[in-house]
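# this is a predicted model, with the sequence first.
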Amino acid sequence: MTILRYHFSGVAGAGMGPLACLMRSRGHAVQGSDRAFDQGKKEEVAGPLRRLGIELGPHDGSAVTAAIDRFVYSAAVEADTPEMRAARAMGIDCVPRPRLLAEVVNCATPGVAVAGTSGKSTIVGMLGWLLREARVPSTVLGGAALVGEGAGGFFVAGPAAGPAVAEACESDGTLVGYRPEIGLVHNISRDHDEVHELRHQFSAFAQNCTRLFVNEECPEAVALGRRFKATTYGTPSSADARLRVTSVGPHRATGVLRYLGRDLTLDVPQPGLHNLENATAAALVAFELGVATSTVELLMARFPGVARRFEVVGTTASGIRVVDDYAHNGEKLRAAISTAQAGAPRVVVLFQPHGFGPARFLRPELKALIPTLLRPQDRFAYSEIFYAGGTVAQDISGKALADDLPPAVRCGYAADHEAARQWIVSEARPGDTVLIMGARDPDLPRLARAVLGAL
């Protein structure tokens, strides 16, 4: 094997860190940078990277030298950063993160790619848990760590010639590069692009899969399944692997999955119909990788959950439950809010959009969606849009999003996290669920803990 030197630009990202760790585990020299580190943030991510022997430098271009063989960059890194300019000027091979991830999947035996606009991180987390605990040697690369296992993404190092499981994201058009032996399309909805603009990517992905699973609940996924002779799963009676739901909460979800004449009891320690669907997808792929039905039943009942996916931070003496969630698009907001409502008579929701571009894209949808999700007794507020740095146009605000909503919603607005904490404390009542949602901002879990401490 040729030993290469990799530089990961944006290495603190949930998808970047696990890839950097994988390259290091396979004997390559690895270095990286991230503006979050320069700002004194995400030390909980930096520490484990350093302990693996990954060198961390400033995100100002100075770490990019001619010694680098491959420059891997995150979609969150703009094209005109000093690092990107330096890498291009030196003629270094510049590799988008999803292309490197696709290389890992395409070379594995078998390669497994989990696609869809919602649920990928949880499905991969569940799969990683099942494979790791069942001691199936495999590589797993996910976008979120399991609860209690640190920050950043999910990573398990397996043999280069063995199975590899990864999230395949549609956000930057690179879904077409995956050629997995086992592919899964969980859903296709408006996220990053309009649905009609996503169809080509998902169609190419489905065509490239040797074996394909699709969620019968999603019409777009079903249409793909018909074209490419997929195995379907979900609650509809027409599904090849049919899920019968017995409970969706408030604390855990349960159901029975019937597949190939066998019944599998799914007892998921996280609530919500979406988590039962996630568990169904994970179980089907686990079967393909050799995990026994009885083992899946036993292990799924102990699944610790994925960080910031309806993660219960704590419950106060007066019964106020504080939940931290990564939801950031329409379908994710719907799933998180409906799950919270199923377990509480009243929900207090704070949502922080995860960037100015995404906020512009989601604005019309949020304006129509939020009033339909909330009950009269629920409360909702926007926190100001998260800004990670860079040159993006800051031409929209959380206040503008709040003003979009009708007066009946009584939408709140928080200019910063301290104002958000104060708003939640002023609104929460005994028995409520407080739901804090948003992506990318490493300080949101800290806000959730501060809210719990103040209630």
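That came through, no problem.
# would you confirm that Arg302 contacts Val268?
No. Using CB atoms under 8 Å, Arg302 makes no contact with Val268, being 10.3 Å away. Yep, even glycine has a C-beta here, placed from its N, CA and C like the rest.
# with neighbour numbers in mind, choose between the two.
Val268 (24 against 10; other CB atoms under 10 Å).
# contacting residues around the more buried one?
Neighbour list for Val268: Arg252, Ala253, Thr254, Asn275, Leu276, Ala279, Met300, Ala301, Phe303 [criterion: CB atoms under 8 Å, 6 or more residues apart in numbering].
# can you tell me who the third one pairs with across the strands?
The residues listed as beta-bridge partners of Thr254 by DSSP bridges are Ser247, Asp267.
# output the lowest mean pLDDT helix or strand found in the chain.
helix 195-208 (a mean of 85; mean pLDDT, DSSP states H and E).
# give the buried residues for that one.
Across helix 195-208, burial judged by 16 or more other CB atoms under 10 Å covers Leu198, Gln201, Phe202, Ser203, Phe205, Ala206, Asn208.
# again with stretch 223-237
Ala223, Leu224, Gly225, Phe228, Ala230, Thr231, Thr232, Tyr233, Gly234, Thr235.
# run through who's touching it.
Contacts of stretch 223-237 (CB under 8 Å, 6+ apart): 185, 188, 202-203, 206-207, 209, 211-217, 222, 238-245, 257, 259, 277, 280-281, 284.
# run the chain-centre distance for it.
Distance, stretch centre to chain centre, for stretch 223-237: 23 Å (CA atoms, centre = their mean, to the nearest Å).
# kindly report the same for stretch 327-342.
Distance of stretch 327-342 from the chain centroid (CA atoms, centre = their mean) equals 14 Å.
# quick one: mean pLDDT over it.
Averaging pLDDT along stretch 327-342 gives 92.
# go on, stretch 56-74?
94.
# buried stuff in that stretch?
Buried, per 16+ other CB under 10 Å, within stretch 56-74: Leu56, Gly57, His59, Gly61, Ala63, Val64, Ile68, Arg70, Phe71, Val72, Tyr73, Ser74.
# output the longest helix along the chain as CSV, nothing but the C-alphas.
Assignment by DSSP state H gives helix 356-373 as the longest helix of the chain. The C-alpha trace of helix 356-373 is given here as CSV (Å, rounded to 0.1, in the frame of the first residue of the first chain):
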residue,chain,number,x,y,z
PHE,A,356,-27.9,31.8,5.9
GLY,A,357,-28.2,29.8,2.6
PRO,A,358,-30.3,27.0,4.2
ALA,A,359,-32.5,29.6,5.9
ARG,A,360,-33.2,31.3,2.6
PHE,A,361,-33.9,28.0,1.0
LEU,A,362,-36.2,26.8,3.8
ARG,A,363,-38.0,30.2,4.4
PRO,A,364,-41.2,29.6,2.3
GLU,A,365,-41.5,26.0,3.6
LEU,A,366,-41.0,27.1,7.2
LYS,A,367,-43.6,29.8,6.8
ALA,A,368,-46.2,27.3,5.7
LEU,A,369,-45.1,24.3,7.9
ILE,A,370,-44.6,25.7,11.4
PRO,A,371,-48.3,26.8,11.9
THR,A,372,-49.5,23.4,10.9
LEU,A,373,-47.2,21.5,13.3
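# could we number from 667 for the rest of this?
Okay, residue one is now 667; in that scheme the one you just asked about reads as helix 1022-1039.
# can you name every helix or strand that it contacts?
Judged by 3 or more CB pairs under 8 Å, 6 or more residues apart in numbering; DSSP states H and E, the packing partners of helix 1022-1039 are helix 996-1008, helix 1064-1070.
# so which of those is nearest Ala712?
Proximity to Ala712 (CB to CB) singles out helix 996-1008 among the helices and strands packed on helix 1022-1039, at 27.5 Å.
# tabulate the CA atom coordinates of the closest one in CSV.
Written as CSV, here are the backbone C-alpha positions of helix 996-1008 (Å, rounded to 0.1, in the frame of the first residue of the first chain):
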residue,chain,number,x,y,z
GLY,A,996,-39.0,20.3,7.1
GLU,A,997,-39.3,16.6,7.5
LYS,A,998,-36.9,16.5,10.5
LEU,A,999,-38.8,19.3,12.2
ARG,A,1000,-42.0,17.5,11.7
ALA,A,1001,-40.7,14.2,13.1
ALA,A,1002,-39.1,15.9,16.2
ILE,A,1003,-42.0,18.1,17.0
SER,A,1004,-44.7,15.4,16.6
THR,A,1005,-42.6,13.0,18.7
ALA,A,1006,-42.3,15.6,21.5
GLN,A,1007,-46.1,16.3,21.3
ALA,A,1008,-46.9,12.5,21.6
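# hmm, back to that, for the next helix or strand after the longest helix of the chain, which strands pair with it and how are they oriented?
Following helix 1022-1039 in sequence order, the next helix or strand is strand 1045-1049 (DSSP states H and E). Looking at strand 1045-1049 with DSSP bridges, its partner strands are strand 1013-1018 (parallel), strand 1078-1080 (parallel).
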